[in-house]
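Student: any chance you can model this:
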Amino acid sequence: MNLDYLTSVKKQFAYYKQLGDKTFDQISDENIFWQYNPESNSIAIIVKHLWGNMMSRWTEIFTTDGEKETRNRDTEFENDLKSKAEVLEKWNKGWEQLFQTLNKLTEADLNRIIYIRNEGHTVLEAINRQLAHYPYHVGQIVFIGKMVQNQDWKSLSIPRNKSKDYNNDKFSQEKKRAHFTDDLLNK
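Tutor: Sure, this is the predicted structure:
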């Protein structure tokens, strides 16, 4: 069961990374830094925060606290990135760290205690914590992408007014088990 859990969470994380990737494909270099107002975050700032969190939480999880002394969370919300390429570099580096760690975990590791800000979590609880956190921010990235692209936005799921066509296609096929992109799972 626990190995199925690890496979399942890796697929879920890969799915949310893919949503971000597909959003970045539609966003210009300029719009990756767009903010609705001074109190809101740009896509670049959200990515910088996710990167900081992923690097802190998923590096040396069994020997150091998940909130590393080297992390400065407050600066994650200040934009010092200069290009879309820099944003994507942080995005990919954070996800790579997450998947490298998840791929090393064993079933026995899931019940081990690790610490985040000195609070003990089982590895399973820590994974679930981030499985709620990362999609929350990916949703923000997608929403900002939709706002800046406006009528040029290309749906990442079922396009508006196409549900019936989508369902007809799905129900015309033989039943099968759901799967997501496996590209990131084996890194």
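Student: so which residues of the protein form strands?
Tutor: 113-116, 119-122 (DSSP state E).
Student: identify all contacting residues around the last one.
Tutor: Which is strand 119-122. 110, 111, 112, 113, 114, 115, 129 (CB atoms under 8 Å, 6 or more residues apart in numbering). C-beta coordinates here come from the backbone N, C-alpha and C atoms, glycine included.
Student: can you add pLDDT and neighbour count and give those back as a markdown table?
Tutor: Formatted as a markdown table, the contacts of strand 119-122 follow (pLDDT from 0 to 100; neighbours: other CB atoms under 10 Å):
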| residue | pLDDT | neighbour count |
| --- | --- | --- |
| 110 | 96 | 18 |
| 111 | 96 | 11 |
| 112 | 97 | 15 |
| 113 | 98 | 11 |
| 114 | 98 | 20 |
| 115 | 97 | 15 |
| 129 | 97 | 14 |
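Student: got the contact list for residue 59?
Tutor: Per CB under 8 Å, 6+ apart, neighbours of residue 59: 68, 97, 101.
Student: just checking, the first one touches residue 54?
Tutor: Spelled out, it's residue 68. No - using CB atoms under 8 Å, residue 68 is not in contact with residue 54, being 11.3 Å away.
Student: those two - which one has more neighbours?
Tutor: In this view residue 68 and residue 54 are compared by other CB atoms under 10 Å, and residue 54 has more residues nearby, 23 against 14.
Student: the nearest residue to the more buried one once chain neighbours are set aside: neighbouring residues, count only.
Tutor: Nearest residue to residue 54 in three dimensions, chain neighbours excluded: residue 94, at 3.5 Å (CB to CB, 6 or more residues apart in numbering). Residue 94 has 24 neighbours, counted by other CB under 10 Å.
Student: residue 94 touches residue 55, doesn't it?
Tutor: Yes - assessed by CB under 8 Å, residue 94 is found in contact with residue 55 at 6.0 Å.
Student: low-confidence stretches in the chain?
Tutor: Counting by pLDDT under 70, the chain shows low-confidence ranges at 1-3, 179-187.
Student: rerun at 80
Tutor: Along the chain, the model assigns pLDDT under 80 to residues 1-3, 177-187.
Student: what separation do you get for the residue nearest to residue 54 and residue 63?
Tutor: 20 Å (CB to CB, to the nearest Å).
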